[in-house]
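Asker: need the 3D shape of this:
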Amino acid sequence: MAKKKQGLGWMEWLRGWMYVIHEMLFQRIMASHLQNPLALPPVNDLTCIVTGATSGIGREMARQLAEAGAHVVMAVRNPKAAHELINRWSESWHGLPLNIEVMELDLLSLDSVVTFANAWNARLGPLNVLINNAGIFSIGEPQKFSKDGYEEHMQVNHLAPALLSVLLLPSLIRGSPSRIINVNSVMHYVGFVDTEDMNAVSGKRKYSSLLGYTSSKLAQVMFSSVLHKRLPIEAGVNVVCVSPGIVHTNVVCGW
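Answerer: All right, here's what the predicted structure looks like:
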């Protein structure tokens, strides 16, 4: 019987960090030919849910999708901050009124994920795009657990978005062709998922915020691959993971 793998081999570890360093050093060069910002075509027929839409990448995605005509749902922990952003965007926008709404979603609570999904599915309307953008990287922080009992990186970056994706499948199928977009990180290359120790509490691996983050991001990639393969073609739902590169956001502080 083959021995269960306990972690990355040194060659895998070295190759992973080479990918990370390459991204850090050369992403600007590789993207220098792209228009900045890259204008979106009209997307008036799309309904999009964006998690973590009050800051960083999520905020820009929500704003630009709305300005391109999409119906955008900002799924956030802090509805007040989201409404303030919408007011600010509306004041500076000179086109048609922005079609944005706010719904509360706390990824540190699986009950909140279920409540959100049930509320959305109850509308019996289509969902065209789910963007699982929210994430955390608590650099240097001690190990923390959600009230559901899961290590916080694993819950916020993988478990909660995975649950949300599965629960929203009825709406995504109604909106097909539709897409689940998981905002990932090149750091997944140095992650390792121990399915028997997802919380990293067994002592086999010394916990660090880097271990928590990279493991959660690799878990998200693995889940995305499995979900994409298991969804029947006729469902019309694609699942993709994207790495935005090195972006200056407050992901290290929250989502």
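
Asker: avg pLDDT for stretch 60-80?
Answerer: Computed over stretch 60-80, the mean pLDDT rounds to 97.

Asker: quick one: buried residues of that stretch?
Answerer: Using 16 or more other Cβ atoms under 10 Å as the test for burial, stretch 60-80 gives 60-77. For glycine as for every other residue, the C-beta is placed from the backbone atoms N, C-alpha and C.

Asker: do the same with stretch 104-120
Answerer: Neighbour counts using 16+ other Cβ under 10 Å place 105-110, 112-113, 116-117, 120 of stretch 104-120 among the buried residues.

Asker: CSV please, covering these and showing pLDDT, secondary structure and distance to Ala39.
Answerer: Below are the buried residues of stretch 104-120 laid out as CSV (pLDDT from 0 to 100; DSSP: H, G, I helix; E, B strand; the rest coil; distance: Cβ to Cβ, whole Å):
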residue, pLDDT, secondary structure, distance to Ala39
Leu105, 98, coil, 29
Asp106, 98, coil, 33
Leu107, 98, coil, 31
Leu108, 98, coil, 35
Ser109, 98, coil, 37
Leu110, 98, helix, 38
Ser112, 98, helix, 35
Val113, 98, helix, 33
Phe116, 98, helix, 31
Ala117, 98, helix, 32
Trp120, 98, helix, 29
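
Asker: any chance of these in JSON lines, with distance to Lys217 too?
Answerer: Compiled in JSON lines, the buried residues of stretch 104-120 are given as follows (distance: Cβ to Cβ, whole Å):
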{"residue": "Leu105", "distance to Lys217": "20"}
{"residue": "Asp106", "distance to Lys217": "20"}
{"residue": "Leu107", "distance to Lys217": "14"}
{"residue": "Leu108", "distance to Lys217": "17"}
{"residue": "Ser109", "distance to Lys217": "21"}
{"residue": "Leu110", "distance to Lys217": "19"}
{"residue": "Ser112", "distance to Lys217": "22"}
{"residue": "Val113", "distance to Lys217": "19"}
{"residue": "Phe116", "distance to Lys217": "22"}
{"residue": "Ala117", "distance to Lys217": "23"}
{"residue": "Trp120", "distance to Lys217": "25"}
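
Asker: of all those residues, which two lie farthest apart?
Answerer: Farthest apart among these by Cβ to Cβ are Leu108 and Trp120. That separation is 19.1 Å.

Asker: burial measure for the closest residue in space to Val129 that isn't next to it in sequence, as a count.
Answerer: Among residues not flanking Val129 along the chain, Cys48 sits closest, at 4.2 Å (Cβ to Cβ, 6 or more residues apart in numbering). When neighbours are counted by other Cβ atoms under 10 Å, Cys48 registers 24.
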